Every structure is written in C-alpha cells, then in structure tokens.
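S.K.: Build me a model:
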Amino acid sequence: MIGALGVVYGDIGTSPLYAFKEAVKAATAGGAAVPAAALGAVSLILWSLILIVSLKYAVLILRADNRGEGGIVAMLALLGARQAQPGTWKAVLLVVGLVGAALLYGDGAITPAISVLSAIEGLKIDAPVLTPFVVPITLVILVALFAVQHKGVAAIGRVFGPVMLVWFTVLVLLAIPSILRAPEILGAVNPWRAVDFLAHAGWHVSFMMLGAAFLAVTGGEAMYADLGHFGAPAIRAAWFGLVLPALLIHYCGQGALLLADPGAIENPFYLLAPDWAHYPLVALATMATVIASQAVISGVYSLTQQSIQLGFMPMMRVVHTDQDERGQIYVPAVNWLLAIGTLTAVVVFGSSDALAGAYGIAVSALMGITTLLAALIALRWGYNPILVVAVNGFFLAIDALFFAANSVKLFEGGWFPLVLAAAVAFLMLTWMKGNHVLEAVRETMRQPEATFLARLASHPPVTLPGTAAFLTAATEGIPMALGRLVERSRCLHERILLITVIYEEAPMIPAEQRAQVTLVAQGIRKAISQYTPGMERVVLRYGFMQTASIPEGLQCAVRSGLLPPEYLEDLTFFVGHEVVIPSAKPGMALWRQGLFAFLKRNAERTGAHFCLPTRQIVEVGTEIEI
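M.R.: Residues are numbered from 1 along each chain as shown. All right, here's what the predicted structure looks like:
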C-alpha cells in the first residue's frame, strides 16, 4: 500500500493543486457566482472520482489483467491483436489500441509540466516579485529530474510512499478547519448539485467546467498501468483506505474556502494553509509533483519496453538500473524526447492555467479506449453480453461526455498532446507495416531447408571448429546470414544453432519453459557426416515484460538437457545486418519506406538488444529492397 501511494497515486494525488481552481474559473467565466460554482464543482469532482476512478478502474478495469499485468499493451496482448490480418476487426482494434498507447506519451509530456509548474506557482502568493522566476525554476527542476533518470530511482523510490503518505495527510489537515467554518459544502455529496448546476449553466459553460473537473481524475489510469507492480488488492486498499477519503475531504475543504471567501479563487489550494505554512507547503508540493512526474516517466519507459517486445516499436537501448527490480529501467532515447516535450510545454504555455487547456483531452480519449478494450476482454472471457454492454456502455458514455468536454479545449492547447500522440502512433504503425513488408521479402530470399541441405551434400563446405549460432526471425527456412556465409566462404562450423526469439503475449514466461530445441532435418547427419551433432533450431520464448537474453536462454536449454554443454563452448553468433532500400514496389508509400529505413538504420543493434557478448558477434550484411 505504501509503495502504491508513491507510484500509482502521485499524479491523481497532486491534482488538487489545479483541478478545482480550473473548474470554478471555467464556471465563473460564464457568469456564475463563485459560491454556486464552488458547490457545483465540488459535487462534480466528487462524483467523477467515485464513478470513474472507484467504480470503473478500481472495481471493473483491474479485473482485466493479463496474468497479473495491466496497461493498454497488456490488453492488446490479451486480445491477440498483434496477429491481426489487414482488413479484419482485429486490425482496427490494433490501430485503436496503438493510438491509446501513443496518447500516454502525450500525457507523459504534459503531466510533469503542469504538476511542477502548479507547485512552484505557490511562491507567487507571499512573494509576487518571484512571479517571473516561476517558469525558470520549473525548468531547472524538470531538467534535473530528467538528467538523473540514468541513475535509476530505486533508492529514492523507497521514500516516495512515505512522502505521499505525508502529502495525503496534509491534504486532510488543510481541509478540516475550512469545512468546519462552512459545513454547508457537505451538500456537494448530493450528485444533484452537479447535475442542477450544469443544466442551468448553459452548454458552453458546462462543457468548459466538465473539461476542467476532469483534471481531478487524470492519473486514475495509473491504477491499471501499474497493476503488475503492486497487485490489485494493494492498489484497491490504498485507494479506498486513504487516497479517496483524503481527496474527497480536501476538495470539500477547497470548496468551503470559496463559500467563505470568494476572493480565494486565485489559488484555493495554497490559501487553505495559514501564512506561515506557505513556503513549507510549496516545498512539500514540489516533492509530491516530482514524485508524480517520476511515476509518469517510469510508466512511459515500461510502455516503451512492452511495445518494443511486441514489435510495435523499433529496438531501443533499455538500461536496467536495479538488479533486483525488473521494473526499474531507463530508456535514454525516450527520456530525452520526453524531456524536450515537457520543457517545450512549460515554455510555450507558461502557467498551469494555460496548461490546463492542453491537459485532459489525451487522457479522456485513453480512458474511453480502455473501457472499450475492457468490454471486448469481458466478452472474450464469457461474461453475459447484456451485462457487459450495460456496464461498459454506461462508463463509455461518461468517457465520451468528458472527451467531448475536453475537445472544446482543442485550440486552447489540447492540440499539443494530440500532436505528440499522433506522431508516436504514426511511427508505431509505420514500423509495424514496414516489418510486415520486410518479412514478406525475407521469405522470398530464405532458402528452404531441403534445398540448403541438398546443396551441402553436393558441395560439402570446409568444416570449422566450434559452434555457430545464427539469429533468425523465422521458425522455418534457412537464415539469410547462414546462406550467404556458405555461399561466399564455402565453410561452416561443426555445430550449427538456428536461434529464434519469440515474445509471447503474456507478461512472463518461466525459465523452465524458455527453450525448445528441434533437429532441423533428420537426414542431416547422413548428408554431412562430419556434422555429427547436427543442426539444431532453438526457439527461445519470453514475455513482453521480460528482457530477452540469448545467452541466458541457451543456458536454460543446457540445464534442461535440450543441448549438450559443449554447444556453448567456442560459440560465435552470426547476426544479419540488414540495409533496407526503399523502392517503387507495392506495399508502402515510398516516403514511408524511407521513414521505415531511417528507423531501421537507427534502431539498437540486434546483438546488443539480445545481450550477446560483443567479442563473439560476426555481422553479415545484406541489402534488402522493399
């Protein structure tokens, strides 16, 4: 529970810094009185937390786990969308899911910006002279945050939970005196207060208020994304036992403050505190927002790793920053691209009020996609279709309402995360399409096993000592690197391994199920008498949450008795180095072929990705025209 406070609830826990303020400002901009707007906003936020986060995520969505793992990529794996054939409903589902995954990148760029900026803006209350320094201070903090990512967060991560425990306690302590001064705010518990206010405010004001109030539930999707790290019981216990009560009490406290003092609308969060507590509260809020930002950044790393494993993204360098925690990773390329997006958001928008317009639209779209995928999973698991349509349809209607409300903010900044998400989604789809086209060309270039063996029998190559391991994406046929080596050098090692790594649509594959070894052809020993051990095909299986290490997989095969130990002695890995040449052939537009070739050229080298010892690698180059 304590661990979940720091990782899962950092984002939603820091929403009180800006969510309520923006909701009331949206209502008063349409002419509503501050007290009436405060009561309506509190009621709207309370019931949004109850319906969206408590009922939808904590009760419903957490059930849609993939062997204990959550997140939109886990959902796609659960639905088997990766094997979708073009033109089928699964192909459409895959595109929708990838768009949802890409939206998380837009959210990942906005969350640190608005969170840290809103915390630092507390300085303006007691020291207005510091107003010009709010953005520079925010930039310094964010640059430092991204700069230390390569060191890992395992050590400081241990204090995340206790700090957030203090944060939620402070939220309650700030609110109670305010509620006691204006107890009529408790009337906001009645959902009719929200409905009545929205019904009489006019559709434009209502939509603006809905979009602003939605900021209070952003971060709720982290409950599902981090399911694998903490498990559903701990996540639910932390939410219902501490986080939800603390947020409900605190939002009531901010509302009560505005009932008593409408002038506090400029920053109701900080004005809840006595004057002497403002600077300590700024320090605590900054720590809490840094923790929230770190949780989002780590989530983007995990999403990237899963997407790479399932073939949605090019191979990138993934650094494990902790030997004991498999989830502690660092992706340098993503880190600095995310940093550029976040710092750009701070500079372009300049304040949390302006950033509020950019925040929410990506998350509301993601929540709708998650609800849709959860419904399909429930149907696949055999739940009553009428019940699934009724329950998920209700939540999907709420998601659609919030998305429509946030869409009003499209030209006020909502375009920013959508542009980021569109760019990521396009790169994902281009990478997947390019790999399909590339694999189709590879199939025409691979020699059938029978043809290769017959050629060896008629023209025996020179035998070299040791074992040669050839990496191949296919589980049949002869790897192009092997065919080219024999063709050009007329030599072959005495022991041959054809190694294929397969990422299963499951989070983890146990070590005892890692390797599968088969003899490539029963007649190989007769055809080539000097190759007594033969030519074996080794298929290594990993989950999408695991790092594929071929040396570790081969050790598993030896321990299981599938390979003799001498196969790993004097072992050389032959890796194909493919240079993609765009052409006018059908399959993909020429400019997309060029983009795919660029991604392929700049992807992490195969040997490094599969943890191969550098001194044991030989690359065999091949030009492939697609």
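S.K.: pLDDT score assigned to the closest residue to Ala37 other than its chain neighbours?
M.R.: Spatial nearest neighbour of Ala37, chain neighbours left out: Ala27 (3.6 Å); criterion: CB to CB, 6 or more residues apart in numbering. Bear in mind the C-beta positions are built from the backbone N, C-alpha and C, glycine included. With respect to pLDDT, Ala27 has a value of 90.
S.K.: Make sure Ala27 is indeed in a strand.
M.R.: No: assigned with DSSP: H, G, I helix; E, B strand; the rest coil, Ala27 falls outside any strand and is helix.
S.K.: I'd say it and His204 touch.
M.R.: No: assessed by CB atoms under 8 Å, Ala27 is found out of contact with His204, at 11.2 Å.
S.K.: burial measure for the residue nearest to Ala37, as a count.
M.R.: 27 (other CB atoms under 10 Å).
S.K.: repeat for Leu372
M.R.: For Leu372, the neighbour count with other CB under 10 Å is 19.
S.K.: Also Gly393?
M.R.: Taking other CB under 10 Å as the criterion, the count of residues near Gly393 is 12.
S.K.: Ok, the one 5 residues further on next?
M.R.: Using other CB under 10 Å, the number of residues around Ile398 comes to 19.
S.K.: now do Leu427
M.R.: Counted with other CB under 10 Å, Leu427 comes out at 18.
S.K.: Then Gly13?
M.R.: Around Gly13 there are 27 other residues, counting by other CB under 10 Å.
S.K.: residues in contact with it?
M.R.: Counting by CB atoms under 8 Å, 6 or more residues apart in numbering, Gly13 touches Leu5, Met164, Trp167, Phe168, Leu171, Gly219, Val243, Ala246, Leu247, Ala288, Ala292.
S.K.: Am I right that the fifth one is in contact with Leu17?
M.R.: No: using CB under 8 Å, Leu171 and Leu17 do not qualify as a contacting pair, with a distance of 10.3 Å.
S.K.: Now do the residue nearest to Asn267 when sequence neighbours are not counted, the pLDDT please.
M.R.: In space, and not counting its chain neighbours, Asn267 is closest to Ile125: 6.1 Å by CB to CB, 6+ apart. Looking at Ile125, its pLDDT reads 88.
S.K.: Report all helices and strands that the strand or helix carrying Ile125 contacts.
M.R.: Using DSSP states H and E, Ile125 maps to helix 123-126. Judged by 3 or more CB pairs under 8 Å, 6 or more residues apart in numbering; DSSP states H and E, the packing partners of helix 123-126 are helix 134-147, helix 278-309.
S.K.: got a list of what the residue nearest to Asn267 touches?
M.R.: Contacts of Ile125 by CB under 8 Å, 6+ apart are Asn267, Tyr270, Leu271, His278.
S.K.: all strands of the stretch 201-350 of the chain, in order?
M.R.: 319-320, 329-330 (DSSP state E, counting those that start in this stretch).
S.K.: do the stretch 451-600 of the chain as well
M.R.: Counting by DSSP E, counting those that start in this stretch, the stretch 451-600 of the chain has strands at residues 462-471, 491-504, 515-519, 535-543, 571-581.
S.K.: Turn the ones you listed into TSV, including distance to Leu379 and mean pLDDT.
M.R.: Shown next, in TSV, are those (distance: least, CB to CB, whole Å; pLDDT from 0 to 100):
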stretch	distance to Leu379	mean pLDDT
strand 462-471	39	90
strand 491-504	23	91
strand 515-519	32	91
strand 535-543	24	93
strand 571-581	39	92
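S.K.: Of the ones you listed, which is nearest Leu55?
M.R.: Leu55 sits nearest to strand 535-543 of all the strands of the stretch 451-600 of the chain, at 30.4 Å, using CB to CB.
S.K.: What is the neighbour count of the nearest residue to Thr518 once chain neighbours are set aside?
M.R.: With CB to CB, 6+ apart as the criterion, Thr518 has its nearest non-adjacent residue at 5.2 Å, and that residue is Arg537. Arg537 has 21 neighbours, counted by other CB under 10 Å.
S.K.: Please shift the residue numbers so they start at 9 in all later answers.
M.R.: Sure, I'll start numbering at 9, so the last one becomes Arg545.
S.K.: I'd assumed Ile486 was in contact with Arg545.
M.R.: No: using CB under 8 Å, Arg545 is not in contact with Ile486, being 10.4 Å away.
S.K.: quick one: common contacting residues for those two?
M.R.: What both Arg545 and Ile486 touch, as defined by CB under 8 Å, 6+ apart, is the set Leu506.
S.K.: what sits against the residue nearest to Thr526?
M.R.: Contacts of Arg545 (CB under 8 Å, 6+ apart): Thr483, Leu505, Leu506, Thr508, Val525, Thr526, Leu527, Val528.
S.K.: now Ile193
M.R.: Contact partners of Ile193, counting by CB under 8 Å, 6+ apart, are Ala46, Leu47, Val50, Ile187, Cys260, Gly263, Ala264, Leu267.
S.K.: where does the closest residue to the first one other than its chain neighbours land on pLDDT?
M.R.: Counting by CB to CB, 6+ apart, Ala46 lies nearest to Leu266, which is 3.9 Å off, once chain neighbours are set aside. In the prediction, the pLDDT value recorded for Leu266 is 95.
S.K.: thought Leu266 was touching Asn275?
M.R.: No: Leu266 is not in contact with Asn275 according to CB under 8 Å; the separation is 11.3 Å.
S.K.: neighbour count winner among the two?
M.R.: Leu266 (27 against 17).
S.K.: quick one: contacts for that one?
M.R.: Taking CB under 8 Å, 6+ apart, one finds Val32, Val42, Pro43, Ala45, Ala46, Ala272, Ile273, Pro276 in contact with Leu266.
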